[in-house]
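Peer 1: structure for the following, please:
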Amino acid sequence: MDHLLIVKIGCLAGLLVITLLCGLIPTHIKWFQFNMARGKHRRILSFIGCFAAGVFLGACIMHMMADALGDIQEEIKKHQQQNSTSEDNDSEGYPFGELIISLGFFLVFLIESVVLHCCPKAVHSHGENEDHKDLPESHSSFRAFVLFLSLSFHSIFEGLAIGVQKEETNAIQLCLAVLIHKAIVVFSLALKLVQSGTKARWTMLYLVVFALMSPAGIGVGIGVSLSNSDGSGLAQAVLEGVAAGTFLYVTFLEILPYELRSHESTLAKFCFIALGFSVMAVIAIWA
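Peer 2: Here you go, the predicted structure:
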């Protein structure tokens with residue numbers, strides 16, 4: 001078997017195991033359940049939540065949006081080179097990437113608006129209790145599901161990037177960067193699922209599916225590299241842009257507002273949000 005293929009399979013297995021382990025920590029340790037916390041314990045969990053919010057903010061801007069915009073722009077350039085006409089030149093400066101990300105943003109906005117209009121109680125349909133009056137709207141299970149969905153889309157493309165690498169060193173370096181990124185993100189995702197009141201079986205399902213996304217992307221990337229096919233690059237770029245738009249909505253309209261309106265010190269919350277963002281900004285150097 002080709003040594004590069006063995007390395008990629010090792011990356012696939014490593015990502016699957018580490019992602020699952022990091023995701024299980026908040027779900028199996030009661031200390032992380034926000035509704036059971038009081039006093040200092042509650043403040044610590046709030047600061048951890050702020051760190052997670054910073055992680056999502058960094059993942060949104062430094063990873064998902066940056067990757068989507070870069071890939072969309074690259075595909076547009078390829079299309080223009082293949083079809084060099086005056087019409088292409090006229091649309092050269094149009095922000096197609098930003099438009100696609102915005103469509104993803106408004107897609108989630110529309111879905112949530114329709115759900116809330118038609119069935120106001122649907123946002124709590126997966127919760128432990130029928131009545132969640134003590135939980136903020138931003139911690140509803142519906143929004144936690146949207147968060148999971150957008151992160152899962154992005155994870156596929158992270159794995160795809162590893163799978164198509166042609167050098168062992170590049171594959172290992174990229175895998176390590178993605179591994180650190182996923183470990184932090186899946187911990188934050190699991191924390192949000194727990195705090196949203198999502199049922200244990202749904203939380204486990206989300207985490208297992210999320211853990212499988214990057215390995216699935218690696219598998220697809222291996223298949224593409226073995227077949228020497230470029231794949232449907234434009235479709236991938238568009239999907240990544242839509243995923244970035246959904247994540248943009250959840251990050252700025254749900255996660256950050258919730259963390260900022262809690263009662264703890266605003267300066268301390270800023271520091272933890274900035275720390276989470278900084279971690280993702282540093283990872284972006286390699287990922």
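
Peer 1: and residue 181, how far is that from residue 164?
Peer 2: Computed as C-beta to C-beta, to the nearest Å, the residue 181 to residue 164 distance reads 18 Å. Glycine gets a C-beta too; all of them are placed from N, C-alpha and C.

Peer 1: same question for residue 68.
Peer 2: Distance of residue 68 to residue 164, given as C-beta to C-beta: 17 Å.

Peer 1: just the helices in the stretch 51-200 of the chain please.
Peer 2: Secondary structure of the stretch 51-200 of the chain (DSSP state H, counting those that start in this stretch): helices located at 66-82, 86-90, 96-118, 141-163, 168-195, 200-227.

Peer 1: by contact count, what packs against the last one?
Peer 2: What it means is helix 200-227. helix 3-28, helix 141-163, helix 168-195 (3 or more C-beta pairs under 8 Å, 6 or more residues apart in numbering; DSSP states H and E).

Peer 1: next, format those helices as TSV and append mean pLDDT, distance to residue 215 and mean neighbour count.
Peer 2: Output for the helices and strands packed on helix 200-227, formatted as TSV (pLDDT from 0 to 100; distance: least, C-beta to C-beta, whole Å; neighbours: other C-beta atoms under 10 Å):
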stretch	mean pLDDT	distance to residue 215	mean neighbour count
helix 3-28	88	4	18
helix 141-163	77	6	23
helix 168-195	80	11	21
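
Peer 1: can you tell which of those is closest to residue 284?
Peer 2: Of all those, helix 168-195 sits nearest to residue 284, with 8.6 Å by C-beta to C-beta.

Peer 1: tell me the angle of that closest one relative to helix 3-28?
Peer 2: Orientation check (axes from the mean of the first three to the mean of the last three C-alpha atoms, to 10 degrees): helix 168-195 against helix 3-28 gives 20 degrees.

Peer 1: off-centre distance for helix 168-195?
Peer 2: Chain-centre distance of helix 168-195: 10 Å, with C-alpha atoms, centre = their mean, to the nearest Å.

Peer 1: next one: stretch 96-105
Peer 2: Relative to its chain's centre, stretch 96-105 lies at 16 Å (C-alpha atoms, centre = their mean).

Peer 1: what does stretch 236-256 give?
Peer 2: 8 Å.

Peer 1: can you check stretch 207-217 too?
Peer 2: 12 Å.

Peer 1: measure residue 152 to residue 80 for me?
Peer 2: Residue 152 is 31 Å from residue 80, where distance means C-beta to C-beta.

Peer 1: now residue 98
Peer 2: Taking C-beta to C-beta, one finds residue 98 at 18 Å from residue 80.

Peer 1: quick one, phi psi at the closest residue to residue 66 other than its chain neighbours?
Peer 2: Nearest-residue entry for residue 66: residue 284, 7.2 Å, with adjacent residues in sequence omitted and distances by C-beta to C-beta, 6 or more residues apart in numbering. Main-chain dihedrals, residue 284, degrees, to the nearest 10: phi -60, psi -20.
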